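Student: Can you look at this prediction? I've put the sequence above it.
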Amino acid sequence: MTERHVIAVLVDNEPGVLARVIGLFSGRGYNIESLTVSEVDAEAGLSRINVVTIGTPMIIEQIKNQLDRLVPVHSVRDLTEEGPHVETELALLKVAGQGDKRVEALRIADIFGAKVDDTTLESFIFRLDGQTEKIDRFIGLMKPLGLIEVARTGAVAISRGKEGI
Amino acid sequence: MSQEMTGSEIVLRALVDQGVDTVFGYPGGAVLPIYDALHVQNSIRHILVRQEGGAVHAAEGYARSTGKVGVVLVTSGPGATNAVTGLTDALMDSVPVVCLTGQVPTHLIGNDAFQEADTTGITRPCTKHNYLVKDIDGLAQTVHEAFYVARSGRPGPVVIDLPKDILQGKGSYAPPSVNGHRSYKPKRKGDIDRIEEAAAAMAQAERPLFYCGGGVINAGPKASHLLTELVKLTGFPCTLTLMGLGALPASSKQFLGMVGMHGTYESNLAMHHCDLMINIGARFDDRVTGKLDEFAPHSKKIHVDIDPSSINKNVRADIPIVGDAAHVIEDLTKVWKARQYRADRKKLDAWWAQIDEWRGRDCLKYKPSDTLIKPQYALERLRELTRGRDDVFVTTEVGQHQMWAAQFLPFEKPNHWMTSGGLGTMGYGLPAAMGVQVAHPDALVIDVAGEASVLMNIQEMSTVAQYRLPVKIFILNNEYMGMVRQWQELLHGGRYSESYMDSLPDFVKLAESFGAVGLRAEKPEDVDGVIEEMIAVDKAVIADILVDKAENCFPMIPSGAAHHKMLLGPEDQADNPVSEEGMVLV
């Protein structure tokens, strides 16, 4: 049985650290559903990698242990295992069309709470954040309405409560 | 702060402060500044190899026989890429190595400059960690950190890529700091509750078995000593992996021999039938487990490893303990004594009776010959003619001879057996023997070799000659890539595709051409004389032992089979064709 896990990895913000993490996944045949990385503490020189992966419990355990033994890795947290957490991702969608389709796209965007970030007479750029499945649904609905292009960040997540990583 | 130094001087100073006395290397354009700095100092001895791959294996031999970090110095581009096999070997076998690679100057990086390679990119998956130094201010600290990473936790190879402008630039030196690493802090002490649990399980076991590996060797000689004590204290049987040989004296009555594909019958059956497996510093490698879903089906498993990622990777551990083998064995012994645990004598005796019955099969016996030299016979004679010496170090190449050496040579102490286990690198033994001999100039260092493997790094005979290293290369020459031939016999209907070693050199003349002594044994009665002379002569020797070309290495667990389906000899082989599932495995 495979499971989806959101894992947060705190790493030294140094050259090559992302390559190490990605190389670990590809070299050992693990899945990456999505991966985001950005510096989160400039003073301490720390970046956070949020990775969504799918695997059997044994593989998930391996992934965490393998990540943890990389030298520039400070901590590895399995948010899915640790309990309640907030997870979100951001998507930009370009939808082109005219007439009814254009109206319908705007209407559905409104229902989903997507923002219109830019428009021309023939296109919109929608911005939507939320759970991955919600974004998947929105993309599905936009397809017949003239979806041209999608840019997604992949999920970021943070645990509930007062404790930090 | 100290006065300004060049980058090269900083590197050498850092090596000295890290206790380095020997570097194995090969110069080239990008590392000329370091070679220039080496030229004007006396603290570090440089051993010039003949190919960079040889430098890494030599450093591995040096490291494994001393417990210190082995150091390699090579140039950019091909220097670094030639080192890749050795680095991978060191990663797989957890050998502490620091490899300094030259790099084109920083302003040329990425420009496809002459002898440029993306060394950190190439070596990322085959090192424990690597660094590209882009700022001279952090240079000294990077070297110190590299040594810390290489030797801490589960040891491994670390590369420091050094652009030429950094080596020529000026900066200040910083001594090693006492503070640990910012993020890399391996756990050394095992969790005491788990250790209590393990000791209790040991006290209750009816058919216990210690299964120990290279982790015990890497934890230092003290760990082997503590293991020997614990094995004695409990009265349990103990098997060792290829990497673990020497962790328990081979002469111990409780030692069952090596485990795994070419391990002993008693070891593998004990693995299969035990009810408690106490794994200390071994990693359930596929050469040991055989078919995973039939592996040791009746046993509870304790797994002690310093690397958490080794635990639950292949085999689920019931009692996982993350920690250094020496610490954990020590604590385990303390708990065992404090709780006054004792094995159930009656049940343990029954278990030993069963093991002795398996031992009675005498699985390493072979059909002797009056006319042909059996490879096993050659090793038996080597064993007998070196018996009693405590300064014998053995390295091997990879193949049948390696397995026979593991089966037939006795290792009483850790750090005296150097073989390429995880990666299985042909060509390992000769350069590794050089590294061992450099570290132990007066010891008897023997590379048990095959004629195919030894040719992979035969250029190192030139290094052997230059430094007058009296290594003994004991070739079991069957004019085949023996293990390849054995598998072709077993799996491919005896079609010996490309496994025949045609146009071999005359090894006696080859030895002589390098100023070494060449000896040859063609008949069984030649063997003793050749070995005696090989040992007696104070020079490098190639002993070409012409052995039975058709001999296969037994016992053998065919790939895809479980432990209790061992082949003990050619007769078994015919009755047990390899499964289709097994054919896919290597």
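Tutor: Okay, I see it. Residues are numbered from 1 along each chain as shown, chains lettered A, B, ... in the order given.

Student: Which positions in the stretch 51-200 of chain B make contact with chain A?
Tutor: Listed as neighbours of chain A in the stretch 51-200 of chain B under the rule Cβ under 8 Å from any Cβ of the partner chain: B:120-121, B:124-125, B:128-130, B:132, B:149, B:153-154, B:181-184. C-betas here are computed from N, CA, C, even on glycine.

Student: at 6 Å instead, please
Tutor: Selection of the stretch 51-200 of chain B residues close to chain A by Cβ under 6 Å from any Cβ of the partner chain yields B:124, B:125, B:129, B:149, B:183, B:184.

Student: One more: the stretch 251-400 of chain B?
Tutor: B:308, B:309, B:312, B:313.

Student: ok, so of these, who is nearest chain A?
Tutor: Proximity of those to chain A (Cβ to the nearest Cβ) peaks at residue B:309, which lies at 3.7 Å.

Student: Quick check: that closest one touching residue A:68?
Tutor: No: in this structure, residue B:309 is not within contact of residue A:68 by Cβ atoms under 6 Å, at 7.6 Å.

Student: Going along the chain, name the strands of chain A.
Tutor: Applying DSSP state E to chain A gives strands spanning A:3-12, A:34-41, A:46-55, A:73-78, A:85-96, A:115-119, A:123-130, A:147-152, A:156-159.

Student: of all the ones you listed, which lies closest to residue B:141?
Tutor: Of all the strands of chain A, strand A:3-12 sits nearest to residue B:141, with 13.7 Å by Cβ to Cβ.

Student: Buried residues in the helix or strand of chain B with the lowest mean pLDDT, which are they?
Tutor: Least confident helix or strand, chain B: helix B:570-575 with a mean of 77, by mean pLDDT, DSSP states H and E. Buried residues in helix B:570-575, counted by 16 or more other Cβ atoms under 10 Å in any protein chain shown: residue B:573.

Student: avg pLDDT for the very next helix or strand once past that helix?
Tutor: The C-terminal neighbour of helix B:570-575 among helices and strands, as given by DSSP states H and E, is helix B:580-584. Mean per-residue pLDDT for helix B:580-584: 79.

Student: What of stretch B:401-413?
Tutor: 98.

Student: Show me how far it is from its chain's centre.
Tutor: In this view, stretch B:401-413 has its centroid 13 Å away from the chain centroid, taken as Cα atoms, centre = their mean, to the nearest Å.

Student: Name the surrounding residues that touch it.
Tutor: For stretch B:401-413, the surrounding residues in contact (Cβ atoms under 6 Å, 6 or more residues apart in numbering or on different chains) are B:242, B:245-246, B:249-250, B:258, B:262, B:364, B:375-376, B:379-380, B:383, B:394, B:396, B:417, B:419, B:448, B:450, B:476, B:553.

Student: Which one's more surrounded, residue B:309 and residue A:68?
Tutor: The residue with more neighbours, out of residue B:309 and residue A:68, is residue B:309; 20 against 15, by other Cβ atoms under 10 Å in any protein chain shown.

Student: Regarding the more buried one, what is its secondary structure?
Tutor: Using DSSP: H, G, I helix; E, B strand; the rest coil, the structure places residue B:309 in helix.

Student: Look up the closest residue to it, ignoring the ones flanking it.
Tutor: Using Cβ to Cβ, 6 or more residues apart in numbering or on different chains and skipping the chain neighbours, the partner closest in space to residue B:309 is residue A:65 (3.7 Å).

Student: just checking, the one you found touches residue B:308?
Tutor: Yes: at 4.6 Å, residue A:65 and residue B:308 qualify as touching, with contact defined as Cβ under 6 Å.

Student: could you say which helix or strand contains residue B:46?
Tutor: Residue B:46 belongs to strand B:45-48, assigned by DSSP H and E.

Student: and that strand, which strands flank it?
Tutor: Take DSSP bridges as the rule and strand B:45-48 pairs in its sheet with strand B:22-25 (parallel).

Student: For residue B:66, give me its contacts.
Tutor: residue B:439.

Student: And it, how far from residue A:139?
Tutor: 60 Å (Cβ to Cβ, to the nearest Å).

Student: Count the neighbours of residue B:465 for me.
Tutor: Residue B:465 - counted by other Cβ under 10 Å - has 16 other residues nearby.

Student: So what touches the helix or strand harbouring it?
Tutor: Here residue B:465 sits within helix B:461-466, counting by DSSP H and E. Outside helix B:461-466, the residues within contact range by Cβ under 6 Å, 6+ apart are B:49, B:50, B:434, B:471, B:514, B:515, B:540.

Student: Looking at those, which one is closest to chain A?
Tutor: Comparing the contacts of helix B:461-466 against chain A with Cβ to the nearest Cβ picks out residue B:49 as the nearest, at 27.8 Å.

Student: And the pLDDT for residue B:372?
Tutor: Looking at residue B:372, its pLDDT stands at 98.

Student: low pLDDT regions in the chain?
Tutor: Answering for chain A, as no chain was given. Judged against pLDDT under 70, chain A has no low-scoring part.

Student: wait, chain B
Tutor: Judged by pLDDT under 70, the stretches of chain B that qualify are B:1-2, B:574.

Student: distance from the centroid: which residue in chain A tops it?
Tutor: residue A:99 (33.1 Å; Cα atoms, centre = their mean).

Student: hang on, the earlier thing: which ones among the residues of the stretch 51-200 of chain B next to chain A lie within strands?
Tutor: Short answer: these in strands (DSSP E) are residue B:129.

Student: could I get the residues of the stretch 51-200 of chain B next to chain A as JSON lines with neighbour count?
Tutor: Shown next, in JSON lines, are those (neighbours: other Cβ atoms under 10 Å in any protein chain shown):
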{"residue": "B:124", "neighbour count": "18"}
{"residue": "B:125", "neighbour count": "17"}
{"residue": "B:129", "neighbour count": "21"}
{"residue": "B:149", "neighbour count": "24"}
{"residue": "B:183", "neighbour count": "16"}
{"residue": "B:184", "neighbour count": "19"}
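
Student: In the residues of the stretch 51-200 of chain B next to chain A, find the pair that's most separated.
Tutor: Largest pairwise distance in these, by Cβ to Cβ, is 19.6 Å, between B:125 and B:183.

Student: in stretch B:364-373, what counts as buried?
Tutor: B:364, B:366, B:372, B:373.

Student: repeat for stretch A:82-92
Tutor: Result for stretch A:82-92 [16+ other Cβ under 10 Å]: buried residues A:87, A:89, A:90, A:91, A:92.

Student: Of those residues, just say which sits nearest to chain B.
Tutor: residue A:87 (25.5 Å).

Student: And the closest one, how far from residue A:130?
Tutor: Look at residue A:87 and residue A:130: by Cβ to Cβ, they are 9 Å apart.

Student: repeat for residue B:383
Tutor: From residue B:383 to residue A:130 the distance is 71 Å (Cβ to Cβ).

Student: repeat for residue B:450
Tutor: Applying Cβ to Cβ to residue B:450 and residue A:130 gives a distance of 63 Å.

Student: likewise residue A:53?
Tutor: For residue A:53, the distance to residue A:130 equals 20 Å [Cβ to Cβ].

Student: cool, residue B:45 as well?
Tutor: Distance, residue B:45 to residue A:130, by Cβ to Cβ: 64 Å.

Student: Tally up the residues packed near residue B:412, please.
Tutor: 14.

Student: quick one, phi psi at it?
Tutor: Residue B:412 adopts backbone torsions of phi -90, psi -20, taken as degrees, to the nearest 10.
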